[in-house]
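Q: dropping a prediction and its sequence here:
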Amino acid sequence: MISRLKMQSQRGFTLVELLIVVIILAILAAIIIPQFTAATDDAVQSAYDTNIANIRSAIDLYRQQHQAYPGAVTSSGGSCPAGSAAVAGAVGEPAFIAQLRNYTNAAGQACTGTDATFRYGPYLKDDLPINPLGDVTPNNTVTVVTTGTLGLTSGNTDGWRFDSVTGEFIGDE
């Protein structure tokens, strides 16, 4: 009877054994969790690098074909091909978006359709990508300036910034 009682009392783990297992798991978690955070940061940076490279390529191609940067001139005023519509956009952000997303003529006027006159573009097939490095609410807005010096301001948008004089394009973080 004593040996039977002894066997029953030895079936579970002691409190000390459980504490050792918990401490080992806590140490492993402390080592692994920062590595996941670093991997997430690397993925966000990689997305930013890809997005900015694609937009800069589109801007460079537009510049080669028009001898001006997008957003520097208004995108409206052209006589569009039959079955297409003019895409109005004043100088700045509206023209920047219209000129990169639609067909354009040599003067930078934008239409939704193409013909021999509106033979350039579109340079971006979708909307501007989101700036993943935005601090508060990452978004795809672009602030177009014509100062010749592009820098971050206190009123940042967490989107993008573009200087239509120099062609500099950066994330507004």
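A: Alright, I've got the coordinates. Residues are numbered from 1 along each chain as shown.
Q: which residues of this structure fall in helices?
A: 2-9, 15-66, 93-101 (DSSP state H).
Q: wait, which of these is closest to Gly77?
A: helix 93-101 (10.9 Å; Cβ to Cβ). In this view, the C-beta of every residue, glycine as well, is placed from N, C-alpha and C.
Q: ok, and what's touching that closest one?
A: Helix 93-101 has contacts (Cβ atoms under 8 Å, 6 or more residues apart in numbering) with 58-59, 62, 70-76, 87-89, 108, 110, 121-124, 127-128, 141-144, 162, 164.
Q: among those residues, which are in strands?
A: Ala110, Val142, Thr143, Val144, Phe162 (DSSP state E).
Q: quick one: the fourth one and Gly92 touch, right?
A: Which is Val144. Yes - if you go by Cβ atoms under 8 Å, Val144 and Gly92 touch, sitting 4.4 Å apart.
Q: which neighbours do those two have in common?
A: Gly71, Ser164.
Q: so in the protein, where's the weakest helix or strand by average pLDDT?
A: None of the helices or strands of the chain scores lower by mean pLDDT, DSSP states H and E than helix 2-9, at a mean of 58.
Q: chain center to stretch 120-127: distance?
A: 16 Å (Cα atoms, centre = their mean, to the nearest Å).
Q: now stretch 157-170
A: For stretch 157-170, the distance to the chain centre is 13 Å (Cα atoms, centre = their mean).
Q: quick one: pLDDT of Thr40?
A: Predicted confidence (pLDDT) for Thr40: 80.
Q: how about Thr146?
A: Per the predicted model, pLDDT is 82 at Thr146.
Q: cool, thanks, talk later.
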